[in-house]
Each structure stands twice: as structure tokens, then as C-alpha cells.
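> Mind folding the following:
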Amino acid sequence: MTDLRRPPHAPASRPRVGRLLILLFPATAAMYALFNGISAVILPAQVEAVDPASKVGNLALLNTLAAVATMVAIPLGGALSDRTRSRFGRRTPWIAGAAVVSAVACILLGLADSLLGLIATTMVLWFAANLYSGAITAILPDRIPDDRRGLAAGVIGMGTPAGVVLGVQIASRMSQLTAYAVIAGVLLVTTVLLLVGAREGSARGLPLPVRERWRLGERLRSFFAAFAARDFRLAFASRFMLFASYYVVSGYLFYTLQDYIGSENVPGGDVAAAVTTMLTLSILVWVVVAGLTGWIADKVDRRKMVVGVSALGVAASMTIPLAMPSWTGMLIYAACLGASIGTYFAVDLAVMSLVLPDADSEGRDLGILQVATGLPQLLAGAVAGALITWFGGYPALFVFGSLCAVASGLLMLGIRSIR
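This next block holds a predicted model:
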């Protein structure tokens with residue numbers, strides 16, 4: 001019989017996995033639509049409208065504060081929901097509450113017309129939305145059997161590019177306040193469908209984890225206790241290196257096309273349109289690959305190997321612009337990167353869920369692993385700037401990205417507890 005790895009204090013009720021995944025996909029896509037539609041399109045325009053002369057510095061400030069909020073909120077969402085006991089379950093109250101706060105913060109951000117207002121509302125929105133992320137991601141170890149984790153991770157992985165496309169389309173085709181309202185509405189509707197259509201079992205009466213004495217040092221050691229497990233450390237380091245690779249390169253894609261490939265060498269000399277073309281190609285390949293890889297990884301039971309090889313694929317993709325510094329080379333790079341990242345996202349979350357050492361704190365520990373995504377994003381700008389300035393310009397970005405991806409793959413392959 002398949003071992004479901006149910007945490008000893010988890011609610012016993014499990015809806016059919018198919019129904020849960022069908023409803024989890026739009027909720028995940030809505031979450032990423034919020035993140036990407038706002039950060040990529042709406043917020044930069046707002047920042048420029050408030051103070052055009054200082055837009056670069058102000059946007060960098062907002063992005064830094066948002067990254068800090070992200071790194072605090074994701075593990076906190078998991079940790080708080082781990083210890084919640086209600087008739088609606090452990091995760092549901094936090095998912096519902098964070099969705100409502102996020103929707104309200106969206107509207108307030110749409111009305112903000114000063115830098116202070118943008119800072120305050122962005123911090124609230126990013127904290128609430130990432131609290132939502134931490135709680136909703138914990139559904140995976142809670143309610144998905146081991147032998148379906150790859151499929152579930154693939155569904156969540158496809159929600160990322162679907163959300164990117166949805167969010168950018170909403171943000172670019174509607175007025176500012178309307179776009180915020182639609183994004184908020186989509187998040188609320190998809191959350192209600194998930195929570196009502198795939199109800200979580202009651203958590204009332206379930207025992208709470210043993211409470212530690214309130215000493216700051218002990219609480220901190222307890223919160224980061226998962227790092228005592230070797231495979232958890234390797235998974236965290238692998239994820240950190242992969243996303244360091246991705247964000248350092250992708251964050252300067254516009255300038256790479258403009259200065260490294262040359263504006264005159266992209267179609268029509270339109271760098272913005274060229275970036276859109278590359279992202280669209282990458283996402284299309286990503287969606288196709290992610291839809292197949294999770295299922296295949298479950299069937300062959302080689303999730304660790306698939307994630308490790310996909311990281312090495314990212315490394316190989318980043319050598320293409322070095323060998324072919326042309327528009328054609330960048331298109332080949334975008335397609336190969338999309339395939340590799342799609343493979344990674346399809347299985348990575350399943351691997352992360354299988355290295356969690358404490359069944360009572362799976363939400364918290366999965367959230368800590370997600371910090372390995374946010375921390376590289378926070379550091380990427382400074383690292384990329386240093387590489388470009390001190391190590392030979394834009395080619396240094398691809399060399400750095402390739403080396404980080406190789407390190408990620410090797411770290412992943414070092415995990416012993418899963419195949």
C-alpha cells in the first residue's frame with residue numbers, strides 16, 4: 001500500500017487528488033498573476049508617475065522592501081498554519097484571511113499617489129500575499145500522497161507561467177485601478193473555489209506540538225531546526241543556487257539585448273518587443289514541458305534525478321548566448337531555458353516536500369525552503385551590477401549563471417533520502 005506520509009496531527013479528510021489539483025491550479029495562477037502583473041507593469045508606472053527623476057532608486061527601494069516582506073511572510077504563513085486548530089482545518093483560515101487582506105491592499109495600492117503610500121501598501125500587500133503563498137503551498141505535503149507529488153508539483157509549476165501571462169495581460173490592458181481590482185477579484189474568486197470545492201478536514205481536537213519556553217535563542221533554534229537535517233540543507237542550497245542563476249541573468253535581460261546583442265540586431269530595433277518575444281517563447285515551452293515532466297517523474301520515481309538534470313540544463317542554456325551572441329542565439333537560449341526551468345518547476349516542489357524532517361512543522365519548513373527563492377532575488381541586482389562592472393560586462397552574467405546552475409544540480413544529486 002502506498003505510504004501517504006500523513007503528518008501525525010494532520011486532518012484525516014482528503015478530497016480526491018484530481019479535484020484538489022483542478023482547484024489548486026487557478027488559485028496558484030491567480031497568486032502569480034498578482035505578483036507579476038503588479039511588479040512588472042503596474043507598480044513601475046506608478047513609481048514613475050510619483051517621481052520620474054528618482055524612479056530607478058525608488059523602485060529598487062520598493063523591490064527590496066517587498067523581498068524582505070516575502071522572506072518573513074512565507075515561512076511565517078507555514079509556521080502559523082502548522083499550529084492552527086479550527087473546524088475549518090489548519091491552512092484554510094490563513095489562506096482565506098490572507099486572500100482578503102491581499103485584495104484590500106490591492107485596492108489601496110491602486111489609490112496610492114505618494115511614495116510613502118506606495119511603500120506602506122506594497123509592504124502590506126507583499127506580506128499578505130506571501131503569507132497566502134506559505135499557507136497554500138503547505139497543502140502539498142498535507143494532502144497529496146507521495147506517489148502523486150510530481151503531478152501536483154507539475155500543476156503548481158504550470159500555475160506560475162499561467163499567472164505571469166494572466167497578470168501581465170490584465171495589467172497592460174486596463175487602467176491602473178481597474179487592473180488592481182480585477183487582480184484582487186480573481187484572487188478572491190479562485191480562493192473561494194479552492195476552499196469550498198476541496199474542503200480541508202477539521203483540525204479541532206488535534207494535539208498541538210510541544211510548546212517551547214519563551215526564550216529568543218531557543219525559539220530561533222526551534223524555527224530553523226530543519227537545517228540540522230543534511231538533505232534539507234542540500235535542498236535549500238540547491239534551490240538558492242538555481243534561483244541565483246536565474247535572477248542574476250533574467251533581471252538584466254533588457255539591457256543584455258540592448259547593449260550585448262545590440263538594439264540594431266533585434267527585430268525592428270525594438271528591445272521591449274524582443275524581451276516580450278523571448279519571455280513568451282520561454283513560457284510556452286515551460287508550460288508544455290511542465291505538464292509532462294511531473295507525471296513522468298512520478299512514474300519512474302526519479303524526482304531528484306529530474307531536478308538535478310534540469311539544473312544542469314539551465315547551466316547549458318546559459319552558455320548559448322556566449323557561443324552565439326545574436327538574436328537567433330537568444331531565441332535558442334529562451335527555448336532551452338524554458339524547457340529546463342519548466343522541468344525544474346514541475347518536480348522541484350515535490351522534492352522539497354519530501355525532505356521535510358518534521359511532520360508537525362511541514363508548512364514552516366516548506367516556507368523556509370521557499371526563502372531560497374526570495375533571497376537570491378533580493379541579492380541579484382547587486383551581484384549583477386558587480387559582475388557587469390568588474391568582470392567583463394554582460395558575458396560575466398551568463399558565466400556566473402551557468403556555474404551557479406551546475407552547483408545547484410550537483411547539490412541536488414547529493415540528496416540521499418529520495419531518488
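> List the contacts of residue 44.
Contact analysis of residue 44 by C-beta atoms under 8 Å, 6 or more residues apart in numbering lists 55, 59. (Each C-beta comes from the backbone N, C-alpha and C, glycine too.)
> Report the separation between it and residue 62.
The gap separating residue 44 from residue 62 is 9 Å, by C-beta to C-beta, to the nearest Å.
> in the chain, which helix or strand is least confident?
In the chain, no helix or strand scores lower on mean pLDDT, DSSP states H and E than helix 216-223, which sits at a mean of 56.
> For the helix or strand hosting residue 367, buried residues please.
In this assignment (DSSP states H and E), residue 367 forms part of helix 362-390. For helix 362-390, burial by neighbour count (16 or more other C-beta atoms under 10 Å) applies to 362-378, 380-381, 383-384, 387-388.
> low-scoring pLDDT stretches of the stretch 101-250 of the chain, where are they?
146, 150, 154, 157, 205-223 (pLDDT under 70).
> Now do the helices in it.
Counting by DSSP state H, counting those that start in this stretch, the stretch 101-250 of the chain has helices at residues 115-137, 139-143, 149-173, 176-197, 216-223, 230-250.
> now the first one and helix 149-173, what's the angle there?
Between the direction of helix 115-137 and that of helix 149-173, the angle (axes from the mean of the first three to the mean of the last three C-alpha atoms, to 10 degrees) works out to 160 degrees.
> Name the residues of helix 115-137 that are buried.
Judged by neighbour count using 16+ other C-beta under 10 Å, the buried positions of helix 115-137 are 115, 118-137.
> Work out which residue lies at the spatial centre of the protein.
With the centre of the chain defined as its mean C-alpha position, the nearest residue by C-alpha atoms, centre = their mean is residue 373, 6.4 Å away.
> In contact with the residue lying closest to residue 333 once chain neighbours are set aside: list those residues for me.
Of all residues beyond its chain neighbours, the one nearest residue 333 is residue 320 (4.2 Å), with distances taken as C-beta to C-beta, 6 or more residues apart in numbering. Applying C-beta under 8 Å, 6+ apart, we find residue 320 in contact with 329, 332-333, 336.
> What about these, which one has the most neighbours?
Among the contacts of residue 320, residue 333 has the most neighbours (other C-beta atoms under 10 Å), with 23 neighbours.
> okay, now the domains of this protein?
As recorded under automatic domain parsing, the domains making up the chain are 17-202, 226-413.
> for residue 197, what are its contacts?
Going by C-beta under 8 Å, 6+ apart, residue 197 touches 19, 23.
> same deal with residue 33?
Residue 33 is in contact with 163-164, 166-167, 170, 183, 186-187, counting by C-beta under 8 Å, 6+ apart.
> roughly how far apart are residue 233 and residue 74?
Applying C-beta to C-beta, the value for residue 233 to residue 74 is 18 Å.
> Please apply the same query to residue 169.
For residue 169, the distance to residue 74 - C-beta to C-beta - is 26 Å.
> So if I had to pick from those two, which one is more boxed in?
Neighbours per residue (other C-beta under 10 Å) separate residue 169 from residue 74, with residue 74 holding more: 29 against 14.
> Helix 362-390 and the strand or helix carrying the more buried one, what's the angle between them?
Taking DSSP H and E as the definition, residue 74 sits inside helix 55-82. What separates the directions of helix 55-82 and helix 362-390 is an angle of 160 degrees, with the same axes, to 10 degrees.
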